[in-house]
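K.L.:
Structure of the sequence below:
(one chain, ligands or ions: 2)
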Amino acid sequence: MASPYLVPVAQLLRDVPSTYEASFEAPFDEPHEFPARGPAETDVFPEATVKVRITLQSFSGGLRAKGLVEAPWHGMCRRCSNPVLGVSVVAVDERYVDARGPGDDDAYLVENDFADLAPLAHDAIFLDLPLAPLCREDCKGLCPFCGIDWNEASCDCQVPVDARWATLDVLRFADFESDESKEV
Ligand SMILES: [Zn+2]
Ligand SMILES: [Zn+2]
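P.N.:
Ligands and ions are numbered 1, 2, ... in the order given. Next comes the predicted model:
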């Protein structure tokens with residue numbers, strides 16, 4: 001079966017200007033074109049359902065592709081390392097051209113009278129993935145000493161005061177005091 005990402009556009013390109021709304025759901029990466037990223041990196045499962053709603057509008061020599069792409073992602077909380085799930089909803093506004101001329105470096109190509117929306121969807125979603133997601137805004141993270149999850153329990157670890165920082169605190173305090181005395 002043909003990929004739903006492949007939209008026939010011969011008619012659109014003949015009748016300028018005309019529009020077509022591509023609206024479908026499809027696996028993110030059925031051909032498994034993209035290798036899985038590391039476990040610590042935000043990624044999209046190849047079989048994850050992507051929702052695409054893009055209006056194609058023809059102009060002389062090409063098409064404007066404007067709309068929304070939505071995909072669920074999975075990642076790891078940067079503070080507690082627990083799994084995090086989220087959804088990227090990305091607004092897109094791109095161009096497809098018959099042939100790339102000057103200034104068309106960022107345009108996608110119409111090939112064999114089809115506009116392939118897959119690269120557009122992949123690019124939009126990969127760019128939108130959060131690099132360091134949080135499981136929740138106020139995640140307390142893990143204790144650096146015993147590793148306990150501070151969201152679920154507390155511990156009696158004493159956080160040692162680093163000697164260099166202690167010295168810095170004293171210096172800052174002294175500076176502050178001398179500034180104060182100058183002002184008075
Ligand atoms: Zn967390
Ligand atoms: Zn601890």
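K.L.:
residues in contact with the most centrally placed residue in the chain?
P.N.:
For the chain, the residue nearest the mean C-alpha position is residue 129 (1.7 Å; CA atoms, centre = their mean). Residue 129 makes contacts with 42-44, 73, 75, 88, as judged by CB atoms under 8 Å, 6 or more residues apart in numbering. For glycine as for every other residue, the C-beta is placed from the backbone atoms N, C-alpha and C.
K.L.:
Please tell me how far it sits from residue 95.
P.N.:
According to CB to CB, to the nearest Å, residue 129 stands 23 Å off from residue 95.
K.L.:
now do residue 61
P.N.:
From residue 61 to residue 95 the distance is 10 Å (CB to CB).
K.L.:
Kindly report the same for residue 143.
P.N.:
Relative to residue 95, and taking CB to CB, residue 143 is found at 51 Å.
K.L.:
what do you get for residue 115?
P.N.:
The value you get for residue 115 to residue 95, if CB to CB is used, is 10 Å.
K.L.:
so of the contacts of residue 129, which ones are in strands?
P.N.:
73, 75, 88 (DSSP state E).
K.L.:
what's the closest of these to ligand 1?
P.N.:
Ranked by distance to ligand 1 (CB to the ion), those are led by residue 75 at 10.7 Å.
K.L.:
Give the bridge partners for that closest one, please.
P.N.:
residue 84 (DSSP bridges).
K.L.:
looking at it, it is touching residue 43, isn't it?
P.N.:
Yes - between residue 75 and residue 43 there is a contact at 7.2 Å, judged by CB atoms under 8 Å.
K.L.:
ok so, going back, make JSON lines from the contacts of residue 129 and add distance to ligand 1, pLDDT and neighbour count to it.
P.N.:
What follows is the contacts of residue 129, written out as JSON lines (distance: CB to the ion, whole Å; pLDDT from 0 to 100; neighbours: other CB atoms under 10 Å):
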{"residue": "42", "distance to ligand 1": "14", "pLDDT": "97", "neighbour count": "19"}
{"residue": "43", "distance to ligand 1": "18", "pLDDT": "97", "neighbour count": "18"}
{"residue": "44", "distance to ligand 1": "20", "pLDDT": "97", "neighbour count": "23"}
{"residue": "73", "distance to ligand 1": "16", "pLDDT": "98", "neighbour count": "21"}
{"residue": "75", "distance to ligand 1": "11", "pLDDT": "96", "neighbour count": "23"}
{"residue": "88", "distance to ligand 1": "19", "pLDDT": "97", "neighbour count": "19"}
